[in-house]
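S.K.: Next one to model:
(one chain, ligands or ions: 1)
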Amino acid sequence: MKKETLLATSATGSDTHRGAVNVPPYRASTILFPNLAEFEKADLGQSPHPSYGRFGTPSTEALEQAIAALEGADHSIVTASGLSAIAVSLFAFLNSGDHLLMVDSVYGPTRRLCDYELKRLGIETTYYNPEIGAGISAMIRENTKVVFVESPGSLTFEMQDIPAISKAAHAKGVIVVADNTWATPIYIDPFALGIDISVHSATKYINGHSDVMMGVISCKEEHFKKLQLTFRNFGMCPSGDNCYLALRGLRTLSVRMKQHYENGVAVARWLQGRPEVAQVLHPALPGSPGHDIWKRDFTGAASLFSIILKKNYPHKSLAAMMDGLEYFGMGYSWGGFESLLITTHPEKIRTSNKWEHEGNVLRIHVGLENTDDLIADLENGFGRLG
Ligand SMILES: *Cc1c(COP(=O)(O)O)cnc(C)c1O
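M.R.: Predicted structure coming up:
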C-alpha cells in the first residue's frame, strides 16, 4: 500500500467505535478493570491494553499505529514534544560512562540536552562534522553507543550520508538515532537507510497546524522494549486531545507536503536570483550543498531552508526588512500552514568546523499561501533592506 492510501485507511475508528470514521479523543487517567484477575494481569504488564492514562489510550494507539505504518516501523511511541522524543531515545541507550556522537548541525535544544543533562550524568558527547560520511568510523570509540544524525540540519541544511554512517556504526555495534522532522514520514524511509530509531517533532508538519506540541519515536521490534520502558519511566505522555488533533493533521500530510515542497522550491529559486543573496541552502535545489544525497535518499523536500546574504547587514536594515513583512511571521517552530522568517547565528554554535560565511543567515519556512504573494512580500522586504 502506498503512503497516501495508508494515511486514508490506517487506524480509523470504524471497527471499534460503531462506524465512526475517526477515533475520538479519549480523556482518561484511571482505567477501570472488570475484576481482580484483569487488574493483576495489568499489574504484571500482561494486559494487551494500557492500564493507566499515562501509558496511552485508544487515541494514542490510533496515532501510533498510523505513524508506524507510514514509517515501516514495528512500533511508534508518541510523546509530549519532539524534544522529549529525542530525550527518551538518548536516555534509553546511554549509560554513565558512555559516549555519544552528535552531529554538529543538530537542533539547538538537542545540543543543550547533551551539554547539560547527559554531561551531568557522565555521558560524553563529541560533535562531528555533518558531512563526515563513512569517516565517522574513526570517531567511534570503545564506549560509543549512539550516533545521532539530523539530515538536513534545520538551520544550515547540510545533508548527511546516512547509509554510509549507518554502515560504519553498525560495523561497530553502535545504533543510529535520526531526527527526521524535516523529511517527515512522507519523504524518507528511515529503516531502508539503516536508521535504527526514527524521531520526529510531530509539532511540525505531522500535526501541521501550529496548535499541538508532540513527538514520535519509531523503531523495529528489537529496540522497542527499551524505548517503551524509558518512555514510561519519564512520564512524557501527550494528551488524548492532542493525539486526536495530530492524527487529524496526519490525514492530510501527503497533500500538504506536496504543496510545501512546490512552494518552497518556487520561493528558493526566486531567492537564488536576488542580488542580496549569496547562497540558498535548500537540498532540493540543484547546485545546493548535499543535493546529490538528497536526490538519492529522499523522495521530496520540506519547505524549510536558509539563505546566506552577501554581507552582514546592519541591525537597523534587517529590522526594517523583517518588521515590515506581511506574510512571514517571526517565530520559532515551523511545519504549520503559515510562512515564517527568522535570523540565525550558526557561527556562535558550531564546534566541529568553523562557520565561514560572513553574511546574515535567514531561515525561511514557506507556508501554504500563494507563492506570488510571498515573493512580492520578500521583494518589498529586500527594498527596505537597502
Ligand atoms: C522543533 C524541533 C524539535 C523539537 O520539537 P518540539 O516539538 O518543539 O519539542 C526537534 N528537532 C527538530 C529538527 C525541530 O525542528
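S.K.: Could you report the separation of the residue in the chain positioned nearest to the ligand from residue 266?
M.R.: Residue nearest to the ligand within the chain: residue 82 (2.2 Å; Cβ to the nearest ligand atom). Using the backbone N, CA and C atoms, a C-beta is placed for each residue, glycine as well. Residue 82 is 27 Å from residue 266, where distance means Cβ to Cβ, to the nearest Å.
S.K.: interface residues of the protein facing the ligand?
M.R.: 81-83, 107, 150, 154, 179, 181, 201, 203-204, 213, 215, 333 (Cβ under 6 Å from any ligand atom).
S.K.: who wins for neighbours among these?
M.R.: Greatest neighbour count in these, by other Cβ atoms under 10 Å, goes to residue 201: 28 neighbours.
S.K.: quick one, strands of the stretch 1-150 of the chain?
M.R.: 75-79, 99-103, 124-128, 144-150 (DSSP state E, counting those that start in this stretch).
S.K.: what about residue 144, neighbour count?
M.R.: The number of residues near residue 144, taken as other Cβ under 10 Å, comes to 20.
S.K.: My guess is it contacts residue 100. True?
M.R.: Yes. With contact defined as Cβ atoms under 8 Å, residue 144 counts as touching residue 100 (7.3 Å).
S.K.: hang on, the earlier thing: I'd like the strands of the stretch 1-150 of the chain as a markdown table, with mean pLDDT and distance to residue 329 appended.
M.R.: Putting the strands of the stretch 1-150 of the chain into a markdown table (pLDDT from 0 to 100; distance: least, Cβ to Cβ, whole Å) gives the following:
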| stretch | mean pLDDT | distance to residue 329 |
| --- | --- | --- |
| strand 75-79 | 98 | 26 |
| strand 99-103 | 98 | 28 |
| strand 124-128 | 98 | 31 |
| strand 144-150 | 98 | 24 |
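S.K.: Figure out which of those strands is closest to residue 237.
M.R.: Ranking the strands of the stretch 1-150 of the chain by proximity to residue 237 (Cβ to Cβ) places strand 75-79 first, at 7.2 Å.
S.K.: so which of the strands of the stretch 1-150 of the chain is the most packed in?
M.R.: With neighbours defined as mean count of other Cβ atoms under 10 Å, those peak in mean count at strand 75-79, which reaches a mean of 25.
S.K.: Where is the longest helix in this structure?
M.R.: Under DSSP state H, the helix in the chain containing the largest number of residues is helix 253-272.
S.K.: distance between that helix and the chain's centre?
M.R.: Averaging C-alpha positions (Cα atoms, centre = their mean, to the nearest Å) puts helix 253-272 18 Å from its chain's average.
S.K.: What residues of that helix count as buried?
M.R.: By 16 or more other Cβ atoms under 10 Å, the buried positions in helix 253-272 come out as 253-254, 256-257, 260-261, 263-268, 270-271.
S.K.: How about stretch 52-61?
M.R.: Buried residues in stretch 52-61, counted by 16+ other Cβ under 10 Å: 53, 55, 56, 57, 58, 59, 60, 61.
S.K.: The first one is in contact with residue 31, isn't it?
M.R.: Going back to what we said before, that points to residue 53. Yes. Contact criterion Cβ under 8 Å: residue 53 and residue 31 qualify, at 6.9 Å.
S.K.: mind giving me the domain split of the chain?
M.R.: Each domain of the chain is listed here as a residue range: 3-250, 253-385, per automatic domain parsing.
S.K.: pLDDT averaged over stretch 254-271 - what is it?
M.R.: Computed over stretch 254-271, the mean pLDDT rounds to 98.
S.K.: neighbouring contacts of the very next helix or strand once past the longest helix of the chain?
M.R.: Stepping forward along the backbone from helix 253-272, the first helix or strand reached (DSSP states H and E) is strand 277-281. For strand 277-281, contacts defined as Cβ atoms under 8 Å, 6 or more residues apart in numbering pick out 156-157, 268, 271-272, 288-289, 305-310, 357, 359.
S.K.: angle of strand 277-281 against helix 253-272?
M.R.: 160 degrees (axes from the mean of the first three to the mean of the last three Cα atoms, to 10 degrees).
S.K.: Parallel or antiparallel, which strands does strand 277-281 pair with?
M.R.: Strands that pair with strand 277-281, judged by DSSP bridges, come out as strand 304-309 (antiparallel).
S.K.: pLDDT of the strand it pairs with, averaged?
M.R.: For strand 304-309, mean pLDDT rounds to 98.
S.K.: The lowest-mean-pLDDT helix or strand in the chain: which residues count as buried?
M.R.: Within the chain, confidence by mean pLDDT, DSSP states H and E is lowest for helix 36-43 among all helices and strands, at a mean of 89. By neighbour count on 16+ other Cβ under 10 Å, the buried set for helix 36-43 is residue 42.
S.K.: from the middle of its chain, how far away would it be?
M.R.: For helix 36-43 - counting by Cα atoms, centre = their mean - the centre lies 38 Å from the chain centre.
S.K.: Tell me which other helices or strands that helix touches.
M.R.: The helices and strands touching helix 36-43, judged by 3 or more Cβ pairs under 8 Å, 6 or more residues apart in numbering; DSSP states H and E, number zero.
S.K.: one step back: can you pick the most crowded of the contacts of strand 277-281?
M.R.: Among these, residue 305 has the most neighbours (other Cβ under 10 Å), with 27 neighbours.
S.K.: Please work out how many residues are found near the closest residue in space to that one that isn't next to it in sequence.
M.R.: Nearest non-adjacent residue to residue 305, counting by Cβ to Cβ, 6 or more residues apart in numbering: residue 282, 3.8 Å away. Look at residue 282: counted by other Cβ under 10 Å, it has 30 neighbours.
S.K.: And for residue 35?
M.R.: Neighbours of residue 35 (other Cβ under 10 Å): 8.
S.K.: ok, now the one 10 residues further on?
M.R.: Under the neighbour criterion other Cβ under 10 Å, residue 45 is assigned a count of 7.
S.K.: For it, grab phi and psi.
M.R.: Per-residue torsions, residue 45: phi 70, psi 20 (degrees, to the nearest 10).
S.K.: I appreciate the help and will end here.
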